[in-house]
Structure formats: structure tokens, C-alpha cells
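*Asks:* Build me a structure from this.
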Amino acid sequence: MRTRRLLDGALGAIGVAFGAPSLAWPFGWDTSVHYYVGREWLLRGAVPYRDTFDHKTPGIHLIHAVCVWLFGERMVGIRLVELACTVAIGWACGAIACVRSRHPYPGLRGACVLAASVLYYGFFDYWNTAQCELVGSTLAILTLLAAVRGRTLGQASAVAGALTGAQLLLKPPFVLFAAIAVVLLVRRASREAPRSRGRAVVRAIASFSLGAAAVVLPVAAYFGAAGAWPAMTEILVGANLVYLRDEPRVRSAAELLTELSNAWHFFAPVSTLVVGSAAVATVAAVVRRSRERLRRWTLAASACAASLVVVVAQLKLYHYHWSFAVSSITLVVACVMVDLRDAAFAPRALAVAPLASAALVAAFALTGVQFDDWCRTSSATVAWAMGRSSRARFASTFRTWDGLRQYGELEAAGLWVRDHSSPDDLVLARGIDAEIYVVSGRRAPGRFFWTGFLTRPSRRFHRERWLAEDRLTIDERRPRWVVALGFEAGGPDSPAWFQQLGYVERRRFGSHVVMERGDPAERPAAGRPVQAPPEPGEQLGGRAQER
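*Replies:* Reported below is the predicted structural model:
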């Protein structure tokens with residue numbers, strides 16, 4: 001028992017340390033939107049969809065609201081949640097892989113924590129983390145754990161249903177993973193009550209459904225009572241359908257195969273190591289006719305297939321979507337280690353978990369760009385935390401993969417707005433620059449605190465009505481500060497558009513133009529240039545553009 005705890009603790013601690021630099025990571029645009037909606041919901045009672053615009057389901061906003069409640073208005077809250085998720089995934093995968101044993105093998109759970117951490121933080125940067133996917137992946141693997149290890153069939157069904165309901169609130173495609181849990185519960189009902197199999201299956205499915213309803217219906221009732229149902233359905237159904245139709249990333253089977261191939265190569269050689277080991281282990285189980293091993297590998301393969309379906313069903317295949325597969329791949333790693341442990345001689349059994357973990361880390365070190373990026377951001381985090389690097393230099397470390405979006409510019413703009421405004425001042429950031437609200441701590445005057453659904457040509461759902469609503473809000477509430485996009489020549493994201501409304505440029509950070517509501521005497525004449533050169537050293541990074 002003591003050896004098991006020490007080995008699990010040591011390997012798990014390494015996994016936590018591997019992901020710990022993420023606690024200092026800033027937010028990307030998606031996460032900033034989720035955070036802002038959750039913050040305003042908690043602190044000011046702004047109901048999502050009715051008072052703040054986002055096209056994600058409410059689960060992620062609720063998580064951010066809880067994080068603000070627990071940790072304050074800081075970016076570290078969701079990062080702590082994700083670090084805890086890697087621990088939960090590791091513990092759950094160890095338990096599932098050893099479902100026939102009372103206790104998982106020594107070191108298995110700790111090694112799985114390390115595997116989950118490497119698979120997540122090694123391949124997904126600041127922009128691609130703190131999304132919905134890792135929390136959804138954690139709920140998915142916990143659903144399987146409840147189905148196979150619940151004390152009674154009724155308890156297992158109810159808990160699995162509740163976890164599935166939480167996945168639905170987080171992102172509807174996630175519930176596709178629940179099909180595995182339903183199959184497991186049906187098989188369990190048939191096995192535990194062979195003489196009344198039909199009734200047992202019906203009771204299990206009923207308990208599962210009630211568990212899901214117990215999570216979803218109160219949330220639906222809340223939005224109904226708040227009068228947010230019309231706006232909620234309009235955005236989540238209408239706007240999202242147009243978004244999926246008019247902005248496809250995968251138009252054919254050939255493009256899908258290309259995306260899958262790109263993903264495989266991105267994760268190589270880790271993908272080769274994990275899939276190759278799983279294939280060998282599965283063949284060995286077939287040759288030896290081991291029912292226990294075949295059941296284990298069937299479950300792991302089903303989990304991987306379900307994760308792939310969840311990713312593909314979203315029709316986008318954005319990089320961060322692949323992080324939903326972290327728990328499934330960790331389960332494969334756990335199954336490999338269990339098979340290796342069973343095949344090892346007793347004196348060598350304790351070495352399986354450390355050696356398997358070392359092999360995984362070594363494969364990650366061979367990835368090249370991914371390993372270099374993790375080293376770069378981790379070393380920058382340590383240098384800043386120890387006072388050997390400035391905050392501006394640390395912030396400039398974070399940029400999107402194509403270099404078009406520099407976080408340093410956004411943080412500099414947000415800090416300048418914070419230092420030159422009061423907490424009651426309204427701020428309006430154009431485009432997808434929601435990070436400015438996070439950094440400055442300020443709030444927008446109305447629903448549209450970002451304008452992707454107002455200005456992008458491919459997003460036409462209710463555009464004219466929403467543009468009119470946005471303009472009415474600006475005219476009525478007259479935010480003091482606006483952060484416009486310098487690369488836009490015209491339209492409601494451009495400096496020229498706000499110049500005509502009496503706003504005056506005060507500072508410029510890269511392509512982000514900070515404008516202040518001016519007095520009538522300061523209203524510039526039509527055609528007057530809006531460029532105001534930044535002070536030396538003020539401009540950080542290159543030109544930022546919308547992705």
C-alpha cells in the first residue's frame with residue numbers, strides 16, 4: 001500500500017509539475033469570451049444570450065462564473081480547474097483499466113496523470129487550452145467510470161446520466177460519447193439480473209435519463225424564468241446553424257482525410273507509439289484468447305472511436321477540438337501499462353509505470369516544434385515568476401500559431417485602458433479582442449462585446465437587426481473608451497467609423513487603436529487621418545489580425 005502511494009504520488013507530482021506553468025498562461029479570444037460572460041453573469045446579473053452574446057452553450061460560462069466566485073477576477077481559476085482535470089482523468093483511467101482488480105496496480109494512476117498532462121499541455125498552447133474540451137473529456141471518462149464501477153446499477157445509471165447532462169450543457173456533441181456508457185449499463189443490467197433482464201434494462205435507462213434531466217432541466221428553467229429563452233434559442237440554434245453552413249472547414253471526404261492525416265503527424269511520434277503499442281497489445285489479447293484483456297481493449301477502442309466522432313461531428317476540426325480525446329488516449333496508455341505489468345516478472349512489475357512514463361515523455365521530446373514550444377513558454381513563465389523577466393516580455397511570448405495575433409499587444413492595450421479609466425467607465429472592444437475586458441477589468445455597454453457575428457461576411461444571421469442593436473447601444477450609452485482595429489478601413493470595427501461619432505485616438509498598440517469619447521469641439525472633420533504614432537517602446541509585436 002505504501003509503495004503504491006509513493007509511486008503514484010511521485011509520478012502524479014511530475015504530471016502536475018509538467019502542467020503547472022499553464023497557471024500563468026493568459027487567455028485566448030475564446031476563453032476571454034467565456035470568462036467575460038461568466039463574470040458578468042455572476043457579478044452583475046447579466047444573463048447569457050439575453051444580456052451578453054456568445055454562441056456556446058451555458059456550461060462553460062457557468063464554470064467561469066464559479067471560478068470568479070472562488071478565485072476572484074483572475075485568469076488562474078480555469079487553469080486550476082484544467083490542472084485538476086488532468087489529475088481526475090489519470091485517476092479515472094487507472095481505475096477503469098483495472099476494473100477487475102480491487103486496487104489499480106502501483107504507479108498506474110500516477111503514470112496516467114503524467115500521460116494526461118503531457119498529452120494536453122505538451123500539444124495545446126495557451127490559445128487551445130481553457131476551452132470546453134478538457135472539462136468535457138473529464139466528464140466523459142468519469143461517465144465510463146461511473147458505469148463500470150458504480151456500487152449499484154441504479155447509482156451507476158443515475159451518476160452517468162448526471163454527468164451526461166453536464167456534457168450536454170458544456171457542448172452538445174459531447175453527449176455522443178455517452179452511447180458507450182449506455183451500452184455498458186445495459187450489459188451490466190443484463191448480467192446482474194438475467195431473470196428480469198428487460199425490467200433491469202428499463203430501470204437503468206430510466207435512472208440514466210432522470211440523472212441527465214436533473215442537471216439540464218433546472219438550467220433550462222432558469223433561462224426561461226429570466227426571459228432569455230428567445231435569445232438563447234435564436235443564438236444557439238439559428239446563428240449556429242448559419243455558422244456551420246457558411247463557414248465549413250471540411251467540405252469533402254478528401255478534406256476530412258487530410259485533416260486526420262495532419263492531426264496524426266502533429267502528434268507524432270507520440271501517436272505512433274501509443275497506437276502501435278495498443279495494436280500489439282490487442283493482437284496479443286486475441287492470440288491468447290484473454291476475455292478480460294479483450295473487454296478492456298474493446299472499451300478503450302470504443303472510447304477513442306467516440307472521441308473521434310465527437311471531433312468530426314463539429315464539422316470544424318479546429319486544433320483545440322482534438323483535446324477532447326485526451327482522456328481516451330490516456331485510457332489506451334493505461335491499458336498498455338496494465339498489459340505490460342501482467343506480462344512482467346514480479347520483481348520488475350514496479351518498474352513498468354516509470355518506464356512507460358519515460359517512454360512517453362521521450363516520444364514527446366522527439367516531436368520537435370511542440371516540445372520546443374512547451375520549453376519556450378515554460379522557461380518564459382519561470383523567468384517571469386522569478387522576477388528575471390518583465391511582464392511585457394512574458395506577454396509577448398504568447399501568440400497564435402500563425403503569428404497574426406499577439407497577446408502582448410492586447411495586454412498592453414488592456415492595461416493602458418485600465419490605468420486611464422475608472423471601474424464605472426464602459427469600454428467597447430471591436431473584433432474578437434475580448435482579452436481587453438479581462439485585462440482591464442472593464443465591461444462593455446451592451447450585448448455585443450465582440451463583433452464576429454456582426455461584421456464577418458459569412459455570418460449573416462440577423463446581421464442587420466443586430467447591427468442596429470449594436471449602434472443603438474453605442475448611441476445611447478456612449479462608452480468612454482473604444483478599442484478599434486487599425487487595419488479596418490471602414491465599418492463598425494474601424495477607427496474612422498468611431499471618429500465620425502466623436503471619438504479621438506489616444507494610443508495605438510500594434511493594430512489596436514484606443515479611442516476616447518471626445519468633446520464636441522474635438523470632433524474631427526470628415527477625412528481627417530486617425531493615425532497617432534505610439535510612444536517609443538509602446539508598440540509590442542507585429543500586426544494583429546482576426547483569425
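
*Asks:* Domain map for the chain?
*Replies:* Domain assignment for the chain, taken from automatic domain parsing, gives 1-26+75-130+255-389, 407-522.

*Asks:* Output those as CSV; include the columns mean pLDDT.
*Replies:* Shown next, in CSV, are these (pLDDT from 0 to 100):
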stretch, mean pLDDT
domain 1-26+75-130+255-389, 92
domain 407-522, 93
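
*Asks:* I'd like these laid out as JSON lines, including mean neighbour count and distance to Val37.
*Replies:* Every C-beta, even on glycine, is put in place using the N, C-alpha and C of the backbone. As requested, the domains of the chain are exported to JSON lines (neighbours: other CB atoms under 10 Å; distance: least, CB to CB, whole Å):
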{"stretch": "domain 1-26+75-130+255-389", "mean neighbour count": "19", "distance to Val37": "13"}
{"stretch": "domain 407-522", "mean neighbour count": "19", "distance to Val37": "9"}
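
*Asks:* Leu42: which of these is closest?
*Replies:* With CB to CB, the closest approach to Leu42 among the domains of the chain belongs to domain 1-26+75-130+255-389: 11.3 Å.

*Asks:* Going along the chain, name the helices of the stretch 251-400 of the chain.
*Replies:* 253-267, 270-288, 291-313, 326-343, 352-365, 369-385, 391-395 (DSSP state H, counting those that start in this stretch).

*Asks:* Phe71: which of those helices is closest?
*Replies:* Phe71 lies closest to helix 369-385 among those, at 17.6 Å (CB to CB).

*Asks:* As CSV, the helices of the stretch 251-400 of the chain with distance to Tyr120 would be great.
*Replies:* Shown next, in CSV, are these (distance: least, CB to CB, whole Å):
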stretch, distance to Tyr120
helix 253-267, 12
helix 270-288, 12
helix 291-313, 13
helix 326-343, 5
helix 352-365, 11
helix 369-385, 11
helix 391-395, 22
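
*Asks:* And these: which comes nearest Pro194?
*Replies:* When the helices of the stretch 251-400 of the chain are compared by CB to CB, helix 291-313 sits nearest Pro194, at 17.9 Å.

*Asks:* what's the closest non-adjacent residue to Ala193?
*Replies:* Nearest non-adjacent residue to Ala193, counting by CB to CB, 6 or more residues apart in numbering: Ala200, 3.7 Å away.

*Asks:* what's the burial count for that neighbour?
*Replies:* By other CB atoms under 10 Å, 21 other residues sit near Ala200.

*Asks:* immediately after the helix or strand that contains it, which helix or strand?
*Replies:* Assigned by DSSP states H and E, Ala200 belongs to helix 197-225. Later in the chain than helix 197-225, the nearest helix or strand by DSSP H and E is helix 229-233.

*Asks:* Show me where the chain has its strands.
*Replies:* Secondary structure of the chain (DSSP state E): strands located at 427-429, 481-485, 503-509, 512-517.

*Asks:* Which stretch among those strands approaches Glu73 most closely?
*Replies:* strand 427-429 (14.6 Å).

*Asks:* any idea how far Arg388 is from the residue nearest the centre of the chain?
*Replies:* By CA atoms, centre = their mean, the chain has its centre lying nearest to Gln131, at 1.5 Å. According to CB to CB, to the nearest Å, Gln131 stands 31 Å off from Arg388.

*Asks:* Which residues are in contact with Ala14?
*Replies:* No Ala there; residue 14 is Ile. 110, 114, 357 (CB atoms under 8 Å, 6 or more residues apart in numbering).

*Asks:* one step back: in terms of secondary structure, what does the helix holding Ala200 contact?
*Replies:* helix 153-170, helix 178-192 (3 or more CB pairs under 8 Å, 6 or more residues apart in numbering; DSSP states H and E).

*Asks:* tilt between the shortest one and helix 291-313?
*Replies:* By that I understand helix 178-192. Helix 178-192 runs at 150 degrees relative to helix 291-313, counting by axes from the mean of the first three to the mean of the last three CA atoms, to 10 degrees.

*Asks:* Going by neighbour count, which residues in helix 178-192 are buried?
*Replies:* Using 16 or more other CB atoms under 10 Å as the test for burial, helix 178-192 gives 178, 180-182, 184-186, 188-189.

*Asks:* so which of those would you say is closest to Thr367?
*Replies:* Nearest to Thr367 among the buried residues of helix 178-192, with distances taken as CB to CB, is Ile180, at 29.5 Å.

*Asks:* For Ala231, which residues are in contact?
*Replies:* Contacts of Ala231 by CB under 8 Å, 6+ apart are 49-50.

*Asks:* how much space between it and Trp322?
*Replies:* Here Ala231 is placed at a distance of 31 Å from Trp322 (CB to CB).

*Asks:* How about Trp497?
*Replies:* From Trp497 to Trp322 the distance is 38 Å (CB to CB).

*Asks:* ok, now Ala489?
*Replies:* Following CB to CB, the distance that separates Ala489 from Trp322 is 36 Å.

*Asks:* Ile436 now?
*Replies:* In terms of CB to CB, Ile436 sits 28 Å off from Trp322.

*Asks:* Repeat that for Asp433.
*Replies:* Going from Asp433 to Trp322 by CB to CB gives 26 Å.

*Asks:* From the contacts of Ile14, pick the one nearest Arg465.
*Replies:* Closest to Arg465, out of all of the contacts of Ile14 and judged by CB to CB, is Leu114, at 51.1 Å.

*Asks:* Tell me which residues touch the residue nearest to the closest one when sequence neighbours are not counted, please.
*Replies:* Counting by CB to CB, 6+ apart, Gly15 is the residue found nearest to Leu114 once chain neighbours are left out, at 3.6 Å. Going by CB under 8 Å, 6+ apart, Gly15 touches 86-87, 90, 110, 113-118.

*Asks:* Check Ile63 too.
*Replies:* 34, 38, 78, 81, 135, 170.

*Asks:* what's the closest of the domains of the chain to Trp69?
*Replies:* Relative to Trp69, the nearest member of the domains of the chain by CB to CB is domain 1-26+75-130+255-389, separated by 8.9 Å.

*Asks:* tell me, how many neighbours does Pro48 end up with?
*Replies:* By other CB under 10 Å, the residues close to Pro48 number 27.

*Asks:* re the thing from before, close enough to count as contact, the residue nearest to Ala193 and Arg191?
*Replies:* No. Using CB atoms under 8 Å, Ala200 is not in contact with Arg191, being 9.3 Å away.

*Asks:* List the contacts of Trp416.
*Replies:* Trp416 neighbours (CB under 8 Å, 6+ apart): 507, 509, 514.

*Asks:* that older thread, of the helices of the stretch 251-400 of the chain, give the one that comes closest to Ala213.
*Replies:* Short answer: helix 291-313, nearest of the helices of the stretch 251-400 of the chain by CB to CB, at 21.7 Å.

*Asks:* Which strands and helices lie in contact with the closest one?
*Replies:* With contacts taken as 3+ CB pairs under 8 Å, 6+ apart, helix 291-313 sits against helix 76-97, helix 133-149, helix 178-192, helix 270-288, helix 326-343.

*Asks:* mind redoing it with 7 Å?
*Replies:* Applying 3 or more CB pairs under 7 Å, 6 or more residues apart in numbering; DSSP states H and E, one finds that helix 291-313 makes contact with helix 178-192, helix 270-288, helix 326-343.

*Asks:* Could you figure out how far it is turned away from helix 253-267?
*Replies:* Using the same axes, to 10 degrees: helix 291-313 against helix 253-267 is 120 degrees.

*Asks:* and Ser307, what does it touch?
*Replies:* When contacts are counted by CB atoms under 7 Å, 6 or more residues apart in numbering, Ser307 touches 177, 324-325, 328.

*Asks:* how about CSV for those, with distance to Arg5 added?
*Replies:* Output for the contacts of Ser307, formatted as CSV (distance: CB to CB, whole Å):
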residue, distance to Arg5
Phe177, 31
Phe324, 31
Ala325, 29
Ser328, 27
